[in-house]
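> need a structure here:
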Amino acid sequence: MPTGSPTATATSRERHTSSLDHAPTAECGSRWRVLIVDPQASIRKAIRMILQGYDDLIEVIGEASNGDDAVELAATVPVDLVLMDTDLPNAVETTRHIRKLLPQVVILGMSAEYTPYVYNAMIAAGAVAFIRTEDAADLLFRSIVFAMCTYGPRHIHMAPVQPSVQQKSFAVSSAT
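Okay, here's the model as predicted:
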């Protein structure tokens with residue numbers, strides 16, 4: 001006979017939920033619009049596939065393979081977040097240009113290789129965070145949610161905190 005109770009096992013399973021169970025929900029028709037900028041079509045496709053799993057919150061509105069196309073797309077199509085690969089020959093300048101043109105747009109730097117120089121240059125140019133391409137499958141969605149909730153112009157509003165019993169009592173007694 002097993003020593004663990006079925007109730008304890010069920011309870012522990014309930015605690016281990018996927019990250020989607022706690023993802024913020026957007027209003028109907030209100031999704032974060034993402035532009036993917038990477039010189040390699042295979043990387044853009046992989047990123048798009050990762051983000052398709054979160055299509056209730058994220059919409060990929062376009063892809064660009066170079067800085068000029070990225071700036072043009074960002075200027076013509078409504079965009080909330082740009083995923084900027086640092087392997088672009090002019091990634092830092094493109095990031096700076098997009099931030100100057102559209103200061104409300106959130107930019108995440110991405111790179112296959114992390115170097116302090118590239119990280120610092122991207123942050124100085126206006127990127128709010130940096131993610132390694134190899135970590136994208138695990139961390140991209142979380143990084144986007146963090147960046148948009150922290151730096152994005154359209155914050156997701158959580159339900160207001162209910163006053164505690166003590167606060168309610170104080171409000172009632174001060175009204176009398």
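> now for the most centrally placed residue in the chain: which residues touch it?
Centroid check for the chain by CA atoms, centre = their mean gives residue 144 as the closest residue, at 0.8 Å. Going by CB atoms under 8 Å, 6 or more residues apart in numbering, residue 144 touches 32, 34, 58, 81, 108. No exception for glycine: its C-beta is placed from N, CA and C like everyone else's.
> can you rerun that using 10 Å?
32, 34, 51, 54, 57-58, 80-81, 83, 106, 108, 129, 131, 152 (CB atoms under 10 Å, 6 or more residues apart in numbering).
> and for residue 143?
81, 83, 108, 110, 128-131, 135-136.
> now do the helices in the chain.
Using DSSP state H, the helices of the chain run over 6-15, 41-52, 67-76, 91-101, 116-125, 136-151, 165-175.
> top of the contacts of residue 144 by number of neighbours, please.
With neighbours taken as other CB atoms under 10 Å, the top of the contacts of residue 144 is residue 83, carrying 26 neighbours.
> how about it: which residues does it bridge to?
With DSSP bridges applied, residue 83 shows beta-bridge pairing to residue 36, residue 108.
> picking that back up, sort out which one of the contacts of residue 143 lies nearest residue 148 for me.
residue 81 (6.2 Å; CB to CB).
> how far away is that closest one from residue 135?
Going from residue 81 to residue 135 by CB to CB, to the nearest Å gives 17 Å.
> again with residue 62
Residue 62 is 23 Å from residue 135, by CB to CB.
> then residue 80?
22 Å.
> would you reformat the contacts of residue 143 as JSON lines and include distance to residue 75 and pLDDT?
Below are these laid out as JSON lines (distance: CB to CB, whole Å; pLDDT from 0 to 100):
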{"residue": "81", "distance to residue 75": "15", "pLDDT": "97"}
{"residue": "83", "distance to residue 75": "17", "pLDDT": "97"}
{"residue": "108", "distance to residue 75": "19", "pLDDT": "97"}
{"residue": "110", "distance to residue 75": "21", "pLDDT": "95"}
{"residue": "128", "distance to residue 75": "20", "pLDDT": "96"}
{"residue": "129", "distance to residue 75": "23", "pLDDT": "93"}
{"residue": "130", "distance to residue 75": "24", "pLDDT": "91"}
{"residue": "131", "distance to residue 75": "24", "pLDDT": "92"}
{"residue": "135", "distance to residue 75": "30", "pLDDT": "89"}
{"residue": "136", "distance to residue 75": "26", "pLDDT": "87"}
